[in-house]
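Colleague: Sequence first, predicted model second:
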Amino acid sequence: VDVDAIRALAGFFENLSVNFSQSVPVSGWNRTSDPCVSNWTGIVCYDQTPSVKSIVLNAFNLSGAFNPSFICNVASLATSISVISLENNNLHGDSFDTVANCKSLTHLYISGNKFSGSIPDSLTRLNNLKKLEISNNGFLGSLPNLARISGLIDFTAQNNHLSGSIPEFDFLNLDSFNVSNNDFSGPIPPGGDRFTATSYFGNPRLCGDPLPVKCDVPSSHASDYSKKNGPSSSEILMYSGYALVGLIVILVVTLKVCKKGKKKEESIKEVDHSFHSKENDASTPYTYASNELKSVAMSKSEVFVGNSVESAPVSSSLIVLTSPEVNGLKFEELLKAPAELLGRGKHGSVYKVNCEEQRMTLAVKRIKDWSLPSNDFKLRMKRLNNVKHPNVLPVVAFYCSRQEKLLVYEYQPNGSLLKLLHGMATGQTFDWSSRLGVASAIADALAFMHDELRPDGIAHGNLKSSNVLFNKNMEPSISEYGLMTVDNSANSPLINDTFQHFNTDQIESAFRADIHALGVILLELLTGKMPMVENNGMDLATWVVSVVKEEWTVEVFDRALIREGASEERMVNLLQIAIKCVDRSSDSRPSINQVAVMINNIKEEDERSMDVSESPFSMRH
Ligand SMILES: Nc1ncnc2c1ncn2[C@@H]1O[C@H](COP(=O)(O)OP(=O)(O)OP(=O)(O)O)[C@@H](O)[C@H]1O
């Protein structure tokens with residue numbers, strides 16, 4: 001490495017390391033040695049030509065300034081450095097414009113520092129950039145138009161103070177994207193719904209898919225997302241107009257609905273009806289939904305409460321409460337209680353309902369457009385009610401009419417695995433042993449359910465991380481077992497209007513699909529990546545398999561796990577199980593019992609290793 005480069009690197013480090021307490025040993029970084037010969041801490045060099053490839057100084061407690069002009073203004077370094085990673089220090093730096101001169105940069109990681117000021121426009125000149133991570137800082141102002149960087153596959157900027165509209169991104173190309181907890185406003189740009197709401201949460205003035213907050217403006221205005229400034233006064237006037245018209249519509253609809261409800265109460269009749277039109281009227285998805293649920297019940301006079309499905313009268317307006325915990329809850333109470341929309345899935349909407357008297361919070365899933373005959377539905381509920389596992393969330397009540405189905409669960413206050421993995425608040429950690437615990441609990445539960453329900457041909461049918469929920473003790477459970485098997489989508493192998501009459505092959509393929517789904521969950525736990533997000537056109541499973549094939553295995557693991565010092569050997573073992581589960585050929589996938597045993601072995605090994613390291617005996621030897 002030439003003398004200028006060595007001097008520049010030493011100067012760069014001096015700036016980074018002002019007040020550096022040598023709590024973490026650092027070697028090199030002086031003017032008298034060569035970074036590629038003397039193995040400077042955090043420096044990786046190319047093998048063939050002795051030049052600096054990457055600078056990785058994560059979590060070194062560095063509290064100085066990031067001043068890239070030292071290194072990026074020296075030609076030999078500017079053309080050779082491809083990775084700068086300075087995550088989780090206390091670095092500051094109001095402007096780092098000159099980083100744009102490091103033309104070969106592919107990875108810039110500066111998350112978890114104390115950066116403030118705006119993100120320099122010059123970043124858009126980094127044509128080779130693949131990953132840009134700037135989360136957990138104090139960045140202000142608007143985002144430059146990073147869509148110009150065509151190869152960008154990872155952009156995370158959560159937990160800053162960024163504002164203005166989100167510029168256009170080439171979302172199809174992105175593998176991770178997160179701008180949550182900032183101050184962005186306006187519509188999410190087209191294609192942004194490729195990522196879930198967790199990528200956008202915490203921006204109160206942001207709207208549109210995938211957030212549950214609709215934009216007030218017609219879509220023609222939504223296309224104006226790239227504007228950096230706020231709305232003009234004429235826009236404000238126009239939007240107020242829309243808001244006023246919306247308000248009037250809501251008032252008229254509410255009045256009508258109230259009248260309708262009253263009438264129906266008077267002429268207590270068993271008439272099935274649907275409230276699809278009501279849903280369309282909803283002005284915002286966050287509307288308190290008790291009326292919506294109430295509208296189902298208002299037409300039904302009967303309230304059924306019982307311990308088992310058998311005890312419930314056969315009626316089209318049936319609500320059956322099947323769990324002792326909710327025994328005694330009156331249907332009216334359920335309907336009177338305030339309800340709040342939790343989210344909309346493929347099959348319907350889920351509401352959180354607070355039943356104050358019972359001191360209980362429930363989650364009510366409303367399934368629409370499901371032409372499944374009520375009798376089949378009831379039979380299945382009856383069968384499922386007889387199979388209980390502590391890590392499978394039971395349906396505690398259900399309502400069933402020709403067009404409407406309601407499923408009532410206990411509300412799980414700690415959200416879903418999807419949210420835990422991909423929407424973690426700052427400072428939250430989801431460590432390796434907890435992840436292993438979740439993997440083994442789900443595998444055990446699935447093995448139990450498969451064993452019990454194989455003769456009935458009932459697989460889970462819709463296993464995914466949003467259907468793994470955590471209770472108040474952070475214990476995971478699988479939700480929706482056996483309920484969404486009937487899929488209205490044309491490409492479902494189980495398309496059928498009844499739960500019955502599936503042929504043996506279809507049933508077997510549903511059980512094997514569950515193993516695949518479990519494999520995807522294991523991959524999410526290991527990589528921290530979203531299942532549906534593509535990596536260069538690949539889904540998570542395909543991407544992991546391709547990276548592992550190229551012997552870059554360690555690249556796939558969640559960096560949080562690596563940082564934590566999780567055993568690489570055990571992570572690789574779990575990865576191998578996951579890869580077997582997602583095998584394209586369903587015949588080659590292991591059985592659920594094999595999977596459960598293998599995961600439990602890894603968990604036990606991990607626990608043993610912790611016992612050994614914590615054992616007082618290990619101190620003596
Ligand atoms: N019992 C529950 N307690 C707490 N949150 C729940 C409960 N059931 C569902 N949710 C949450 O409500 C939201 C919507 O759930 P829903 O099941 O409709 O969506 P999904 O799982 O994404 O899609 P699908 O319809 O395919 O199951 C999700 O965020 C889910 O985690």
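Modeller: Received the coordinates, thanks.

Colleague: Spell out which residues of the stretch 351-500 of the chain are next to the ligand.
Modeller: By the rule Cβ under 6 Å from any ligand atom, the part of the stretch 351-500 of the chain lying against the ligand is 363, 365, 409, 411-412, 416, 462, 466-467, 469, 479-480, 484. No exception for glycine: its C-beta is placed from N, CA and C like everyone else's.

Colleague: In strands only, show me those.
Modeller: Members of those lying in strands (criterion: DSSP state E): 363, 365, 409, 469.

Colleague: Beta-bridge partners for the third one, please?
Modeller: Listed by DSSP bridges, the beta-bridge partners for Y409 are A363.

Colleague: Then the last one?
Modeller: Beta-bridge pairing of L469 under DSSP bridges involves S416, S477.

Colleague: Touching, it and Q412? I think so.
Modeller: Yes. L469 is within contact range of Q412, at 3.7 Å (criterion: Cβ atoms under 8 Å).

Colleague: hey, what's in contact with both of those two?
Modeller: Residues touching both L469 and Q412 by Cβ atoms under 8 Å, 6 or more residues apart in numbering: 393, 477, 479.

Colleague: and the residue in the chain positioned nearest to the ligand, how many neighbours?
Modeller: Nearest residue of the chain to the ligand (Cβ to the nearest ligand atom) works out as G345 at 2.2 Å. Neighbourhood size, G345 [other Cβ atoms under 10 Å]: 16.

Colleague: How many residues are close by the residue nearest to it when sequence neighbours are not counted?
Modeller: Closest residue to G345 apart from its sequence neighbours, by Cβ to Cβ, 6 or more residues apart in numbering: S466 at 7.3 Å. By other Cβ under 10 Å, 17 other residues sit near S466.

Colleague: where's S466 relative to R608, distance?
Modeller: Distance of S466 to R608, computed by Cβ to Cβ, to the nearest Å: 33 Å.

Colleague: Check I149 too.
Modeller: According to Cβ to Cβ, I149 and R608 sit 46 Å apart.

Colleague: neighbour count winner among these two?
Modeller: Set I149 next to R608 and count neighbours by other Cβ under 10 Å: I149 wins out with 22 against 10.

Colleague: Pull the contacting residues for N127.
Modeller: By Cβ under 8 Å, 6+ apart, the neighbours of N127 are 103, 149-151.

Colleague: again, only this time at 10 Å
Modeller: By Cβ atoms under 10 Å, 6 or more residues apart in numbering, the residues touching N127 are 100, 103-105, 148-152.

Colleague: pLDDT score for it?
Modeller: For N127, the pLDDT comes out at 87.

Colleague: now swap in L140 and tell me
Modeller: For L140, the pLDDT comes out at 92.

Colleague: Pull the number of nearby residues for it.
Modeller: L140 has 16 nearby residues by other Cβ under 10 Å.

Colleague: Confirm that it sits in a strand.
Modeller: Yes. Under DSSP: H, G, I helix; E, B strand; the rest coil, L140 falls within a strand.

Colleague: Which residues of the stretch 51-200 of the chain lie near the ligand?
Modeller: Nowhere does the stretch 51-200 of the chain come near the ligand, counting by Cβ under 6 Å from any ligand atom.

Colleague: could you pull out the strands for the stretch 51-200 of the chain?
Modeller: Applying DSSP state E, counting those that start in this stretch to the stretch 51-200 of the chain gives strands spanning 52-56, 83-85, 107-109, 116-118, 131-133, 138-141, 154-156, 161-164, 176-178, 183-187.

Colleague: hmm, back to that, most neighbours among the contacts of N127, which one?
Modeller: Using other Cβ under 10 Å as the neighbour criterion, L105 leads those with 25 neighbours.

Colleague: Identify the residues contacting the closest residue to it other than its chain neighbours.
Modeller: In space, L105 comes closest to L126 once its chain neighbours are excluded; the distance is 5.4 Å by Cβ to Cβ, 6+ apart. Shown in contact with L126 (Cβ under 10 Å, 6+ apart): 99-106, 108, 132, 146, 148-149, 151-152.

Colleague: pull the helix or strand with minimum mean pLDDT from this structure.
Modeller: Using mean pLDDT, DSSP states H and E, helix 276-281 stands out as the lowest-scoring helix or strand of the chain, at a mean of 30.

Colleague: Pretty sure P189 sits against I166.
Modeller: Yes. In terms of Cβ atoms under 10 Å, P189 counts as a neighbour of I166; the distance is 5.7 Å.

Colleague: Could you pull up the contacting residues of the closest residue to F201 other than its chain neighbours?
Modeller: The shortest distance from F201 to any non-neighbouring residue, by Cβ to Cβ, 6+ apart, is to S180 (4.6 Å). Taking Cβ under 10 Å, 6+ apart, we find S180 in contact with 135, 156-160, 197-203, 206, 422-425.

Colleague: Just the buried residues of those.
Modeller: Neighbour-count burial (16 or more other Cβ atoms under 10 Å) applied to the contacts of S180 gives 135, 156-160, 197-203, 206, 422-424.

Colleague: quick one: contacts for the nearest residue to S76 once chain neighbours are set aside?
Modeller: In space, and not counting its chain neighbours, S76 is closest to A5: 5.0 Å by Cβ to Cβ, 6+ apart. Neighbour list for A5: 34-36, 51-52, 71, 74-78, 80-81 [criterion: Cβ under 10 Å, 6+ apart].

Colleague: swap the cut-off to 7 Å and go again
Modeller: 74, 76-77 (Cβ atoms under 7 Å, 6 or more residues apart in numbering).

Colleague: and the strand or helix carrying R570, what's its mean pLDDT?
Modeller: Using DSSP states H and E, R570 sits in helix 568-581. For helix 568-581, mean pLDDT rounds to 93.

Colleague: With stretch 158-167 instead?
Modeller: On average, the pLDDT along stretch 158-167 is 93.

Colleague: Name the SS class of the closest residue in space to Y399 that isn't next to it in sequence, please.
Modeller: Leaving aside its sequence neighbours, Y399 sits nearest to L406 (Cβ to Cβ, 6+ apart; 3.8 Å). Secondary structure state of L406, per three-state DSSP, is strand.

Colleague: Pull the number of nearby residues for L406.
Modeller: Around L406 there are 22 other residues, counting by other Cβ under 10 Å.

Colleague: Check S38 too.
Modeller: Neighbour count of S38, defined by other Cβ under 10 Å: 13.

Colleague: ok, it - contacts?
Modeller: So S38 contacts G28 (Cβ under 7 Å, 6+ apart).

Colleague: secondary structure class for it?
Modeller: Per three-state DSSP, S38 ends up coil.

Colleague: in the stretch 101-250 of the chain, which segments are predicted with low confidence?
Modeller: For the stretch 101-250 of the chain, applying pLDDT under 70 flags the ranges 217-250.

Colleague: ranges for the helices of it?
Modeller: Here the stretch 101-250 of the chain has its helices, by DSSP state H, counting those that start in this stretch, at 219-222, 233-266.

Colleague: Considering the contacts of A5, which is situated nearest to S63?
Modeller: Distance ranking of those against S63, using Cβ to Cβ, places L77 first at 23.4 Å.

Colleague: what's that closest one in contact with, if anything?
Modeller: Counted by Cβ under 7 Å, 6+ apart, L77 has contacts 5, 8, 52, 71.

Colleague: pLDDT for these - can I get that in a markdown table?
Modeller: Converted to a markdown table, the contacts of L77 look like this (pLDDT from 0 to 100):
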| residue | pLDDT |
| --- | --- |
| A5 | 92 |
| A8 | 93 |
| V52 | 91 |
| I71 | 93 |
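
Colleague: Show the buried residues in those residues.
Modeller: 5, 8, 52, 71.

Colleague: Surely H92 is in contact with K114?
Modeller: Yes. Taking Cβ atoms under 7 Å as the definition, H92 is a contact partner of K114 at 4.8 Å.
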